[in-house]
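Trainee: generate a structure from the sequence data that follows.
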Amino acid sequence: MTFRPIGTSTLSVAPLAFGGNVFGWTADKQVSFALLDSFVDSGFNLIDTADVYSRWAPGNQGGESETIIGEWLRQRGGRDKVVIATKLGAEMAPDKKGLSASYVRQAVEASLKRLQTDYIDLYQTHFDDLGIPVEETLGALADLVQTGKVRVIGASNMTPDRLEQSLVTSQQKRYPAYQCLQPEYNLFDRENYETNYEPICQKNNLGVIPYSSLASGFLSGKYRSEADASKSPRGGGITKKYLNSRGHQILNALDDVAELYSATPAQISLAWLIARPSITAPIVSASSVDQWHDLAKSAELSLDSNAIKALTDASAY
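Mentor: Next up is the predicted model:
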């Protein structure tokens, strides 16, 4: 398995990241530990989480995912064998959100404590804070890099203009620059990233770690009719958004390519992303070890140019 650099940083990762949003939500502590063990044993190393995961689950306050990862790190050891990526900025409480310098300092300490580590490999702004100048946020992040609490910084959910402004500001102020972007990107949701972000990422050598890599599960082929909406709590939203003529066209192309490679539509969808020149490591989540093993096979697939063209053409926007 070929490891890839995150931007121009010293961080190097396998071409698939594990999404920690399931930890403390659909995966309890025991299952989460098993997933993390299997992930690392499979040769992968990038674990993506956020301070707010999984605040949306009943009874949760946020921080559950980081806490589980921290307990796993303490029990298993091998901190230097994994790349821990977390995020800040989402609302943890009415007075705990945003990207002000004071909150950046507060948020990183809370994440470090939950993760039971003295440094974060990749610290990402989860959502932009339009009320705060980019200079303020970048200055605070620069301090974290200087003190060794953070190795590399990245961004997610930021407009193209603010992303470019941030990159220019880092250069002017000689601050550490964002080394990666975490956008929504998959075979169905292509236009926004490819039109507005991919040119910026390629121009500035940014790594790209896309979320929603399987379009909320649609690209697994699990949802093919309105009747399939009952297969999960979010099934109704999935069928409403994705189940149209273009969605069916993409699923048909996935079926054809999957048959050629003796693979599943989910594996082919991820393999297409991995083959995209600007992509570093798509994020995937799993709630069982078997599900993870199935998804991990995507990193072993090497799609030929005909397969890539068939999928790219079928998903044209």
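Trainee: what's the closest residue to Ala17 other than its chain neighbours sitting at in phi/psi?
Mentor: Counting by C-beta to C-beta, 6 or more residues apart in numbering, Leu46 is the residue found nearest to Ala17 once chain neighbours are left out, at 4.0 Å. No exception for glycine: its C-beta is placed from N, CA and C like everyone else's. Phi and psi for Leu46, reported as degrees, to the nearest 10, are phi -90, psi 110.
Trainee: and whatever helix or strand Gln30 lives in, what other elements does it pack with?
Mentor: Using DSSP states H and E, the secondary-structure element containing Gln30 is helix 29-41. Counting contacts by 3 or more C-beta pairs under 8 Å, 6 or more residues apart in numbering; DSSP states H and E, helix 29-41 is packed against strand 17-19, helix 64-76, helix 289-296.
Trainee: show me which positions of the lowest-mean-pLDDT helix or strand in the chain end up buried.
Mentor: One helix or strand of the chain scores below all others by mean pLDDT, DSSP states H and E: helix 235-242, with a mean of 82. Neighbour-count burial for helix 235-242, with 16 or more other C-beta atoms under 10 Å as criterion, is recorded at 235, 238-239, 242.
Trainee: CA-only coordinates of that helix in CSV, if you can.
Mentor: Only the C-alpha atoms of helix 235-242 are listed here, as CSV (Å, rounded to 0.1, in the frame of the first residue of the first chain):
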residue,chain,number,x,y,z
GLY,A,235,-33.1,6.3,4.2
GLY,A,236,-35.8,8.8,3.4
GLY,A,237,-33.4,11.7,3.0
ILE,A,238,-31.0,9.5,0.9
THR,A,239,-33.7,8.3,-1.6
LYS,A,240,-35.1,11.9,-1.9
LYS,A,241,-31.7,13.4,-2.7
TYR,A,242,-30.0,10.7,-4.8
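Trainee: list the buried residues of whichever helix or strand comes after that helix.
Mentor: Beyond helix 235-242 in the direction of the C-terminus, DSSP H and E gives the next helix or strand as helix 245-260. Judged by neighbour count using 16+ other C-beta under 10 Å, the buried positions of helix 245-260 are 247, 250-251, 253-254, 257-258.
Trainee: quick one: the helices in the chain, in order.
Mentor: Secondary structure of the chain (DSSP state H): helices located at 29-41, 64-76, 101-115, 134-147, 160-173, 191-192, 198-203, 235-242, 245-260, 265-275, 289-296, 305-314.
Trainee: okay, those, which one's buried deepest?
Mentor: With neighbours defined by mean count of other C-beta atoms under 10 Å, none of the helices of the chain is more surrounded on average than helix 265-275, at a mean of 24.
Trainee: helices or strands next to that one in the packing?
Mentor: Helices and strands touching helix 265-275, by 3+ C-beta pairs under 8 Å, 6+ apart, are helix 245-260, helix 289-296, helix 305-314.
Trainee: the second one vs helix 265-275, what angle?
Mentor: Between the direction of helix 289-296 and that of helix 265-275, the angle (axes from the mean of the first three to the mean of the last three C-alpha atoms, to 10 degrees) works out to 50 degrees.
Trainee: and helix 289-296, what does it pack onto?
Mentor: Helices and strands in packing contact with helix 289-296 are listed as helix 29-41, helix 265-275; criterion 3+ C-beta pairs under 8 Å, 6+ apart.
Trainee: CA-only coordinates of that helix, as CSV, when you get a sec.
Mentor: Taking C-alpha atoms only, helix 289-296 is exported to CSV below (Å, rounded to 0.1, in the frame of the first residue of the first chain):
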residue,chain,number,x,y,z
VAL,A,289,-15.4,-5.1,11.8
ASP,A,290,-16.8,-7.1,8.9
GLN,A,291,-18.1,-3.9,7.3
TRP,A,292,-14.6,-2.3,7.7
HIS,A,293,-12.9,-5.3,6.1
ASP,A,294,-15.2,-5.0,3.2
LEU,A,295,-14.5,-1.3,2.7
ALA,A,296,-10.8,-1.7,3.2
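Trainee: now the angle from it to helix 29-41?
Mentor: Following the same axes, to 10 degrees, one obtains 30 degrees for the angle between helix 289-296 and helix 29-41.
Trainee: so what touches helix 289-296?
Mentor: Outside of helix 289-296, the residues that reach it under the criterion C-beta atoms under 8 Å, 6 or more residues apart in numbering are 16, 18, 34-35, 38-39, 42, 44, 264, 266-267, 270, 284, 286.
Trainee: would you confirm that Ala271 contacts Asp304?
Mentor: No. Between Ala271 and Asp304 no contact is recorded; they are 10.8 Å apart, counting by C-beta atoms under 8 Å.
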